[in-house]
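**Student:** Need a 3D model of the sequence below.
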Amino acid sequence: MKTQPIEYPFEIAPLSPEEGGGFAITFPDLPGCRSDSETPEEALENGGDALASWLAVAEELGDRAPKPFGAVSGRFVQRVPRSLHAQRIARAQQEGVSLNTLIVSPVSQVLGQRLTASPVARPATRTRSAGIGPRKPSKPTARRAG
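**Tutor:** The predicted model follows:
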């Protein structure tokens, strides 16, 4: 079966024994869109089915689904002391890079280390290699918040 990418950000997290164990996948941009399964890989597959169902129901009801990452501009503003700002500008000039690159690079490295330290926790990540095939028995849901 041809694999389809999941274009929406998703989160995969372990479920507690009280919740039945396994792993849950949720789509923060799509209220009520979730699924779960025994393994993270199965949760990802079942999440693709839940996503497709959620989008189909939205279309049936005439609702417009939000665009993937629609609420994210990629920009945020952080105020820092003038002395720190001046130091970072000088350092960026010294290294021949923009102030943005100087700040974003270490932040990305730290976040990347945190994500790779836990093979399960992939908050707000999208993937283009997520294979979505036939659903394995699980507890998928595609409820929509009204």
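**Student:** the strands in the protein, which residues?
**Tutor:** 6-14, 23-26, 33-37, 125-127, 141-142 (DSSP state E).
**Student:** any idea which helix is longest in this protein?
**Tutor:** With residue count as the measure and DSSP state H as the assignment, the chain has helix 40-60 as its longest helix.
**Student:** helices or strands up against that one?
**Tutor:** strand 6-14, strand 23-26, strand 33-37, strand 141-142 (3 or more CB pairs under 8 Å, 6 or more residues apart in numbering; DSSP states H and E). Where you see a C-beta, it was placed from the backbone N, CA and C, and this is true even at glycine.
**Student:** Report the buried residues of that helix.
**Tutor:** 40, 42-51, 53-55, 57-58 (16 or more other CB atoms under 10 Å).
**Student:** Stretch 13-22 now?
**Tutor:** Those would be 13-14, 22, for stretch 13-22 by 16+ other CB under 10 Å.
**Student:** I'd guessed Asp29 sits against Pro66; true?
**Tutor:** Yes - counting by CB atoms under 8 Å, Asp29 touches Pro66, with 5.2 Å between them.
**Student:** so where's this protein uncertain?
**Tutor:** 1-5, 70-73, 113-146 (pLDDT under 70).
**Student:** one more time with 90, if that's ok
**Tutor:** 1-11, 19-20, 28-29, 31, 44, 63-80, 97-98, 100-146 (pLDDT under 90).
**Student:** hang on, the earlier thing: look at Asp29 and Pro66 and report which has more neighbours.
**Tutor:** Neighbours per residue, other CB atoms under 10 Å: of Asp29 and Pro66, the larger number sits with Asp29, 18 against 13.
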